[in-house]
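Undergrad: Model the structure of this input:
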Amino acid sequence: MSQSTDENPSEREDLATPWSDRDHAALAAELGATRASGESRAVTRLTELLGVVWRLRDADGCAWDRKQTVESMASNLIEEAYEAVEAISDCDDAHIAEELGDVLMNVFLIARIGEQEGRFDLSDVVSGISEKLVRRHPHVFGPSEAGDAEQALASWNESKALEKDASESGVLDGVSDGLPALLVASKLGKAAAGIGFDWPGVMGALDKLREEVGELETAAAEYEKAGDSKDLRSAAGCHDRVEDELGDVLFSAVNVARKTGVDPELALRRTLGKFRRRFASVEAALGEGMSEASLEDMEKAWRAAAATERPV
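TA: Here you go, the predicted model:
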């Protein structure tokens, strides 16, 4: 976030006051007013969107929108967020802008519903995040410094730690289990790495992944053997072990992604897109004979499809 003046608002405060005790709301308000003055077009468009969303919730507005509650909109918000992630994965800028607009609309609608139910309003939403961003960026708005992204993240985490409830004493307590599993895995890995519980390089994480794959292979072989013997009790136990080892493999893969700066969600979505394309090519190549084709025929068509996507 840049400022239009050379003077940092935080410099006008008593430098003897600890950063955590300063008036972050005032700083956020001042910075917001300064920035907004140069972003009149965006502010105008946001106001237009507010008007549209508020109109939908009027007594004579849209029956579907009026029926919604904060709770019922949760699934819509998740769906729109995932569609935005898909657009980002596709690197389609126009689609990204459209899907982000859908996410923003859902946020505005939820805020309007909250206001009408007397729970919270858009002011609570935006003022809260503005203040928090200022508070957790002392290396931008306050006395701290951060020369690179790692130092900036450490500064953020240090500021966040000061805000933690006393009951949240553990390093991993701030990671919500309500998030998608891939995201939880990534956040847990980052949190542990923040106190040094991590491999020094990507190869260490990759070695761990190989180790877990080996354990999964052993568990899968035992599961298959138990299935062949018709020993249901043994098969059930082997199933649980496969599940456990597969979870370890997935978590280890996410750690490799973290060490290489790859977003595992985007990586998986790109692979899913690739699978869709290649499978469609297999269907096109085999045509009506798809249902009668052997696995060898399908694999041959798959390899041909894959070859067309590989750079020469």
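Undergrad: And what about residue 58, helix, strand or coil?
TA: Of the three states, residue 58 takes coil under DSSP: H, G, I helix; E, B strand; the rest coil.
Undergrad: cool, and residue 99?
TA: Applying three-state DSSP: residue 99 is helix.
Undergrad: mind checking pLDDT for the closest residue to it other than its chain neighbours?
TA: Excluding the flanking residues, the one nearest residue 99 by Cβ to Cβ, 6 or more residues apart in numbering is residue 84, at 3.9 Å. C-beta here means a position set from N, CA and C on the backbone, and glycine is covered the same way. On the pLDDT scale, residue 84 is placed at 94.
Undergrad: does residue 84 sit in a helix or strand, and which one?
TA: helix 73-90 (DSSP states H and E).
Undergrad: Just give me the neighbour total for the residue nearest to residue 99.
TA: Residue 84 has 20 neighbouring residues, counting by other Cβ atoms under 10 Å.
Undergrad: show me the contacts for it.
TA: With contact set as Cβ atoms under 8 Å, 6 or more residues apart in numbering, residue 84 has these partners: 96, 99, 100, 102, 103.
Undergrad: Can you give me the pLDDT of the first one?
TA: Reported pLDDT at residue 96 in the predicted model: 97.
Undergrad: Hmm, residue 85 and it touching each other?
TA: No: the pair residue 96 / residue 85 is not scored as a contact, 9.7 Å apart, by Cβ atoms under 8 Å.
Undergrad: burial measure for the residue lying closest to residue 83 once chain neighbours are set aside, as a count.
TA: Leaving aside its chain neighbours, residue 83 sits nearest to residue 99 (4.9 Å; criterion: Cβ to Cβ, 6+ apart). Number of residues near residue 99 (other Cβ under 10 Å) recorded here: 20.
Undergrad: cool, and residue 260?
TA: The local packing of residue 260 (other Cβ under 10 Å) involves 11 other residues.
Undergrad: Can you tell me the closest non-neighbouring residue to it?
TA: Nearest in space to residue 260, with sequence neighbours left out and distances taken as Cβ to Cβ, 6+ apart, is residue 202 at 5.5 Å.
Undergrad: wait, what's in contact with that neighbour?
TA: So residue 202 contacts 256, 259, 260 (Cβ under 8 Å, 6+ apart).
Undergrad: could the contacts of residue 84 go into TSV alongside distance to residue 144?
TA: Output for the contacts of residue 84, formatted as TSV (distance: Cβ to Cβ, whole Å):
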residue	distance to residue 144
96	32
99	35
100	31
102	36
103	31
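Undergrad: which of the residues in the helix or strand hosting residue 216 are buried?
TA: According to DSSP H and E, residue 216 maps onto helix 202-228. Using 16 or more other Cβ atoms under 10 Å as the test for burial, helix 202-228 gives 205, 206, 208, 209, 212, 213, 216, 219, 222, 223, 226.
Undergrad: again, but for stretch 112-129
TA: 112, 113, 114, 115, 121, 122, 125.
Undergrad: Quick one: list the elements packing against the strand or helix carrying the fourth one.
TA: Secondary structure assignment for residue 115, by DSSP H and E: helix 93-116. Using 3 or more Cβ pairs under 8 Å, 6 or more residues apart in numbering; DSSP states H and E, the elements in contact with helix 93-116 are helix 40-56, helix 73-90, helix 122-135.
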